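Visitor: Let's see this in three dimensions:
(chains A, B and C)
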Amino acid sequence: MTWVLKAENLSKDFRLHLQGGVRIPVLDDVSLTVMPGECVALAGPSGAGKSTLMRCLYGNYGAGAGRILIRHGGEVVDLATADPRLVRAIRRDTLGYVSQFLRVIPRIGALDIVAEPLTARGVTPDAARARARDLLLRLNLPERLHGLPPATFSGGEQQRINLARGFAADYPVLLLDEPTASLDAANRQVVIGVIEEAKARGAALIGIFHDTEVRDRIADRIFDVAPIQDAA
Amino acid sequence: MSTPLMEARGLQLRFGRVAALDDVAIDIHPGEVVAIVGESGSGKTTLLRVLSGLMRPDAGAVTYRGEDVLAMPEAARRRLMRTEWGFVHQNPRDGLRLGVTAGGNIGERLMAVGARHYGNIRAEATEWLKRVEIDPARMDDIPGKFSGGMQQRLQIARVLVTRPKLVFMDEPTGGLDVSVQARLLDLIRALVADLGLAVLIVTHDIAAARLLAHRILVMRQGQVVEEGLTDRVLDDPQHAYTQLLVSSVLAA
Amino acid sequence: MSTDAGYNFAYLDESTKRMIRRALLKAVAIPGHQVPFGSREMPLPYGWGTGGIQVTAAVLGPRDVLKVIDQGSDDTTNAVSIRAFFRRTAGIATTERTAEATIIQTRHRIPERKLTEGQILVYQVPIPEPLARLEPRIAETRRLHAMADYGLMHVKLYEDIAKHGHIATSYSYPVMVNERYLMSPSPIPAFDNPKMHMMPALQLFGAGREKRIYAVPPYTHVRSLDFEDHPFRPIRAPHACELCGSRDTYLDEVLVDDKGGRIFVCSDTDHCQERQAMKEAAE
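Guide: This is a model prediction of the structure:
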């Protein structure tokens, strides 16, 4: 078996021009390799850079130094230097991200938000909606909510929509940022089931799980993100 | 990857002592939405006007599908402007014929490219009024009777009816109420995705750029100071000016 | 009749006539295209046919026979005084008979009788620019002509149908000349438009105030703009002429009393009289 995602010597710092140009180093020489079907849980104290690492892996934050190699369409691509259009293609076909909070698009119903990653790949709207409907129902989101824009939904409902959206498209690599934070016990079990199925089909998962019960159930190993001691 | 639909290199344009464009380069690929953000006077609108051939730069090159836009005869450029290109003005009054009915406004580009069947033109106008959420019963009203938001939606219908490949938008939500802006932005987002349009949108509204654009260019004093994937530029801004711009936005 | 001494033949000096002829030649060479010319002050006001008179003066020769009509009629003030003007300044023969004329200057009509090769029809034009009401910028209208960008004209026709259910433009109905230039046929009724198509006579148009000349050479394609599903229709009042009984000519409505009584008569007086004479002869 060969890796699907490989971060090499990744470093990241933030330079705050508005605060007199102060530099805040967050990641220093991080290397991480993830195999298909593997779930890696990022661990470390709050502020250690887990979220920054996730965002770098998604290309949301630029990498300061190092490479982020990902297998995309049979080729190895460095996400750290890829052209924006290639990053979009990678996010469409290869790399998914479930954030903690749903970014609501005005006037778009929950069902279409979940179906969108599929239609973006060219799946017919009907097939995409059918898949979205199944996932939403499985995550205990009743059908009467499917057509409504989720702006007014509760945090838990929004998170389940976010999860459905992330799992609808069967990404080979999926990043999960606190996927169960605002869920009740029953829904947590559903999410664990969904994640296990994703692993079984060979998806690589990288996640931040504060919920140790969930983490222990699904993570194959823990990757420690250590805080940088000496802030320069 | 795809070849760019439009490509510009080394654009220079001075207004007296002010550099409106200072060595600007930009690519726009098919189906790509690119936002140009920056404060007033940063050169955003000038760049839009130069790329669409409305203004000549002092130096530099602009190509559209490999063709030199600046060397193009005016006839060819105007033909592009009513077929493969579109321009959505900030003020709908600049982009609409206010004395002509909504249907006539939408029909004009069709007739300009040879549509000669009244019934078909009406049918197309009806379809487009629906797509921009204007009641087709208003088809024979003049746009002077419409609200600002409706006028802007009508302008968009008028531009999109000939299925352009590349649309230039200059602050399309400027001057509208916030609630109207949201609806318009969402409409633009849906139409752009449906039609696979390439869009170059000038805006100072960061939230609009985040919603619509795949890629962002940040301009300041005639220069592109930062560019890249929309969420990367907005969430991890590198240039001091971009950081200022992003930090000035209220969280939404 | 003797010519007034002190005037050059046909009033205008020779260099002015030469300038106008050059403009006319260019106009004939580019059918439907408006050619600017140095319109002169004439001894009558704008709107009375100064453009047409200058064109007539430039093409008139001593052996020409001139007919002048206004709204189809030879005996209205305008027609009478223009005929008198050329009799006095050029000493040429005038006529009211369409068949006899070599040059016919007209305001608002094309004679009903088919014109022939060798005849010249000179139109007095108030507004030469067909796009004038749609596009106020003259520079832009010229650009639109240069690019043959005539969608706007169809917008006007579209608006007509949208508002009235049919194309309500009944005069100055726009035409495409030689499938290239959009042209205003001066304010002739749309009924006359088909006569312009492939006409054997030369058609010249002069606008004095606007300083424009344009032309349609003999046997030139002239097409009235329309829509496939709203084809051009030459409209006339659905009556017979009270005087000659014609059912295929353009009619004027004439009020005959104060009680709303009205009759319809031919607008082309010469044609009507000819038909009346034929009817009398037959009886």
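Visitor: Does stretch C:32-45 reach chain B?
Guide: No - using C-beta under 8 Å from any C-beta of the partner chain, stretch C:32-45 stays clear of chain B, coming no nearer than 15.9 Å. Just so you know, the C-beta spots here come from the backbone N, C-alpha and C atoms, and that holds for glycine as well.
Visitor: Tell me which stretches of the stretch 101-250 of chain B form helices.
Guide: B:102-112, B:118-131, B:148-160, B:178-195, B:206-212, B:230-235, B:240-247 (DSSP state H, counting those that start in this stretch).
Visitor: And the shortest one, what's buried?
Guide: By 16 or more other C-beta atoms under 10 Å in any protein chain shown, the buried positions in helix B:230-235 come out as B:Thr230, B:Asp231, B:Arg232, B:Val233, B:Leu234.
Visitor: on contacts alone, who are the packing partners of it?
Guide: helix B:206-212, strand B:215-220 (3 or more C-beta pairs under 8 Å, 6 or more residues apart in numbering or on different chains; DSSP states H and E).
Visitor: most packed of those?
Guide: Among the helices and strands packed on helix B:230-235, strand B:215-220 has the highest mean neighbour count (mean count of other C-beta atoms under 10 Å in any protein chain shown), at a mean of 25.
Visitor: picking that back up, lowest average confidence across the helices of the stretch 101-250 of chain B, which one?
Guide: Out of those, helix B:178-195 stands lowest, with a mean of 87 (criterion: mean pLDDT).
Visitor: residue ranges of the strands in the chain, please?
Guide: You didn't pick a chain, so chain A it is. Ranges of strands in chain A, per DSSP state E, are A:5-16, A:22-34, A:39-43, A:65-72, A:75-78, A:95-98, A:173-177, A:204-208, A:221-224.
Visitor: The intended chain is chain C.
Guide: C:35-36, C:65-70, C:93-94, C:103-107, C:120-124, C:175-177, C:181-183, C:202-207, C:212-216, C:222-224, C:251-255, C:262-266.
Visitor: Next one: whichever residue of the stretch 151-283 of chain C sits closest to chain B from C:Thr169, what distance?
Guide: Closest contact between the stretch 151-283 of chain C and chain B, by C-beta to the nearest C-beta, is at C:Gly151 (2.8 Å). C:Gly151 sits 17 Å away from C:Thr169, going by C-beta to C-beta, to the nearest Å.
Visitor: Equivalent analysis for B:Gln90, please.
Guide: 35 Å.
Visitor: Now do the same contact list for the residue in chain A that chain B sits nearest to.
Guide: Per C-beta to the nearest C-beta, A:His17 is where chain A lies closest to chain B, at 3.4 Å. Contact partners of A:His17, counting by C-beta atoms under 8 Å, 6 or more residues apart in numbering or on different chains, are B:His239, B:Ala240, B:Gln243, B:Leu244.
Visitor: so what's the last one closest to, chain neighbours aside?
Guide: By the measure of C-beta to C-beta, 6 or more residues apart in numbering or on different chains, the closest residue to B:Leu244 outside its immediate chain neighbours is A:Leu18, 6.2 Å from it.
Visitor: What is the burial count for that neighbour?
Guide: 11 (other C-beta atoms under 10 Å in any protein chain shown).
Visitor: Show me where the stretch 51-200 of chain C has its helices.
Guide: Counting by DSSP H, counting those that start in this stretch, the helices of the stretch 51-200 of chain C are C:77-90, C:138-146, C:151-164, C:193-196.
Visitor: CSV for those helices, including mean pLDDT and mean neighbour count?
Guide: Listed next are the helices of the stretch 51-200 of chain C as CSV, based on pLDDT from 0 to 100; neighbours: other C-beta atoms under 10 Å in any protein chain shown:
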stretch, mean pLDDT, mean neighbour count
helix C:77-90, 94, 18
helix C:138-146, 93, 15
helix C:151-164, 93, 20
helix C:193-196, 97, 20
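Visitor: Adding distance to chain A, write those out as TSV.
Guide: Formatted as TSV, those follow (distance: least, C-beta to the nearest C-beta, whole Å):
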stretch	distance to chain A
helix C:77-90	66
helix C:138-146	38
helix C:151-164	32
helix C:193-196	51
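Visitor: follow-up on the earlier one: what distance do you get for the residue of chain A closest to chain B to C:Tyr46?
Guide: Using C-beta to C-beta, A:His17 is found at 69 Å from C:Tyr46.
Visitor: residues in chain B within reach of chain A, list them.
Guide: Residues of chain B lying close to chain A (C-beta under 8 Å from any C-beta) are B:1-2, B:29, B:32, B:182-183, B:185-186, B:189, B:211, B:214-215, B:228-229, B:231-232, B:235-236, B:238-240, B:243-244, B:247.
Visitor: Recalculate using a threshold of 6 Å.
Guide: Contact residues, chain B versus chain A (C-beta under 6 Å from any C-beta of the partner chain): B:Met1, B:Ala182, B:Asp186, B:Arg215, B:Gly228, B:Leu229, B:Asp231, B:Arg232, B:Asp235, B:Asp236, B:Ala240, B:Gln243.
Visitor: number of nearby residues for A:Arg67?
Guide: A:Arg67 is flanked by 18 other residues according to other C-beta under 10 Å.
Visitor: That one contacts A:Val77, correct?
Guide: No - with contact defined as C-beta atoms under 6 Å, A:Arg67 does not reach A:Val77; the gap is 10.0 Å.
Visitor: Wait, C:Met198 touches C:Tyr219, no?
Guide: Yes - the pair C:Met198 / C:Tyr219 is scored as a contact, 5.3 Å apart, by C-beta under 6 Å.
Visitor: so how many other residues sit close to C:Glu100?
Guide: Using other C-beta under 10 Å, C:Glu100 has 12 neighbouring residues.
Visitor: what's the closest non-adjacent residue to it?
Guide: Distance criterion C-beta to C-beta, 6+ apart; nearest residue to C:Glu100, sequence neighbours excluded, is C:Val65 at 5.6 Å.
Visitor: what's across from the one you found in the sheet?
Guide: C:Ala93 (DSSP bridges).
Visitor: how close does it sit to B:Leu244?
Guide: Applying C-beta to C-beta, the value for C:Val65 to B:Leu244 is 85 Å.
Visitor: Next up, the contacts around the residue in chain B that chain C sits nearest to.
Guide: Nearest residue of chain B to chain C: B:Ala112, at 2.8 Å (C-beta to the nearest C-beta). Counting by C-beta atoms under 6 Å, 6 or more residues apart in numbering or on different chains, B:Ala112 makes contact with B:Arg82, C:Gly151.
Visitor: Please report how far it lies from C:Ile188.
Guide: Distance of B:Ala112 to C:Ile188, computed by C-beta to C-beta: 27 Å.
Visitor: Ok, B:Ala19 next?
Guide: 57 Å.
Visitor: So these two - more neighbours on which side?
Guide: Of the pair B:Ala19 and C:Ile188, C:Ile188 is the one with more neighbours under other C-beta under 10 Å, namely 22 against 17.
Visitor: Just give the number of residues close to the nearest residue to A:Ser31 once chain neighbours are set aside.
Guide: Closest residue to A:Ser31 apart from its sequence neighbours, by C-beta to C-beta, 6+ apart: A:Glu8 at 5.5 Å. Applying other C-beta under 10 Å, we find 17 residues neighbouring A:Glu8.
Visitor: Of all residues in chain C, which one is nearest the centre?
Guide: A centroid search over chain C (C-alpha atoms, centre = their mean) returns C:Tyr123, at 3.5 Å, as the residue closest to the centre.
Visitor: Next: chain B.
Guide: Centroid-nearest residue in chain B, with C-alpha atoms, centre = their mean: B:Met169, separated by 1.6 Å.
Visitor: who's in contact with that residue?
Guide: Counted by C-beta under 6 Å, 6+ apart, B:Met169 has contacts B:Val88, B:Ile201.
Visitor: now it, which residues is it bridged with?
Guide: B:Val88, B:Ile201.
Visitor: Identify whichever of the helices of the stretch 101-250 of chain B lies nearest to A:Gly207.
Guide: Closest of the helices of the stretch 101-250 of chain B to A:Gly207 is helix B:230-235, at 19.8 Å (criterion: C-beta to C-beta).
Visitor: and stretch B:162-171, what's its mean pLDDT?
Guide: Mean predicted confidence for stretch B:162-171 is 95.
Visitor: Show me how far that stretch is from its chain's centre.
Guide: Relative to the mean C-alpha coordinate of its chain, stretch B:162-171 is positioned 5 Å out (C-alpha atoms, centre = their mean, to the nearest Å).
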